[in-house]
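> give me a model of this one.
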Amino acid sequence: MDALQQARRDAKAAIDAARAVGEDIRPGDLAYALYRKVIDVVKDLDRDASTAQAGEGASGLSKLLNYKLGDLKAVSALKLPRFLSFVKEIPVLDVVGVGDYAYQAFHEHWSEDVHEHGDLGGVLTGIGNSGARVGGDLKNVGTDIYDGAKDLGVWAWHGPFG
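The predicted model follows:
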C-alpha cells in the first residue's frame, strides 16, 4: 500500500470516527474542505515524486534549489561581457553558501588559532572551524524546513479533525 492510499484510509477513518460521536461532516463544511485540500496536496506531492522518479520535469523544491543568479531580474538585465556570462548560471544557494562562509571566516578567532596551533596549523584550523559552522548552518536550515513542513502537516490534519 502506498502512502497516498494510507493517507486516504486514515482520513476516512478520522471522518468515520467523528461521525460516530455525532459530528456531521458534509461536503459544504470547513472540515471537509480542509480534508479535501490535504488530499489534493498529498496527490500533488505524490505526482511530483512520481515524475521526479521517472526523471520527468522538476518538483517545486528542486526548482527552488536550482534557482540561478540569471533568474533574478536585476542580474538578468545586466549586460555582462561574454567572458562573464557564466555568472548568470551560478546557483543562488552557492552564492549564499559563499556568503555564509565569508561571514563565518570573518568572525573566526584567527589570532587564537595561530597562537594555539602555529601559523599553518592556525590557518588550517580557522578554515576548518569556518567550514564546520557553515555545515552546521546548512543542517539547521534543513532541520527548520523539515520541522516547518511537519508542523504544517500536523496543523492540516488536526485542524479539521481536531
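> please report the number of neighbouring residues for residue 96.
By the criterion of other Cβ atoms under 10 Å, residue 96 has 13 neighbours. (Glycine included, C-beta is placed from N, CA and C.)
> that one sits in which helix or strand?
Element membership of residue 96 [criterion: DSSP states H and E] is helix 92-106.
> any chance you could map the helices in this protein?
Taking DSSP state H as the criterion, the chain contains helices spanning 3-20, 30-54, 60-65, 73-76, 92-106, 110-161.
> closest to residue 85 out of the ones you listed?
Checking the helices of the chain against residue 85 by Cβ to Cβ gives helix 73-76 as the closest, at 11.4 Å.
> can you dump the C-alpha atoms of that closest one in PDB for me?
Taking Å, rounded to 0.1, in the frame of the first residue of the first chain, the C-alpha atoms of helix 73-76 are listed here in PDB:
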ATOM      1  CA  LYS A  73      15.500  40.200 -12.700                       C
ATOM      2  CA  ALA A  74      18.300  42.500 -11.600                       C
ATOM      3  CA  VAL A  75      21.000  40.100 -12.800                       C
ATOM      4  CA  SER A  76      19.300  39.000 -16.000                       C
END
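> how far away is residue 152 from residue 120?
To residue 120, residue 152 is 48 Å away according to Cβ to Cβ, to the nearest Å.
> oh, I was asking about residue 138
From residue 138 over to residue 120 the distance is 27 Å, taken as Cβ to Cβ.
> who's more crowded, those two?
Set side by side, residue 138 and residue 120 show unequal neighbour counts under other Cβ under 10 Å, the larger going to residue 138 at 14 against 9.
> excluding its backbone neighbours, what's nearest the more buried one?
In space, not counting the residues next to it along the chain, residue 138 is nearest to residue 97; the distance is 7.6 Å by Cβ to Cβ, 6 or more residues apart in numbering.
> equivalent analysis for residue 122, please.
Of all residues not flanking residue 122 in the chain, residue 114 sits nearest, at 3.2 Å (Cβ to Cβ, 6+ apart).
> hang on, the one you found packs against residue 123?
Yes - between residue 114 and residue 123 there is a contact at 7.1 Å, judged by Cβ atoms under 8 Å.
> overlap of the contact sets of the two?
Common neighbours of residue 114 and residue 123, counting by Cβ atoms under 8 Å, 6 or more residues apart in numbering, are absent.
> for the closest residue in space to residue 137 that isn't next to it in sequence, grab the count of nearby residues.
Counting by Cβ to Cβ, 6+ apart, the nearest residue to residue 137 once its immediate chain neighbours are dropped is residue 100, at 5.7 Å. Residue 100: 16 surrounding residues under other Cβ under 10 Å.
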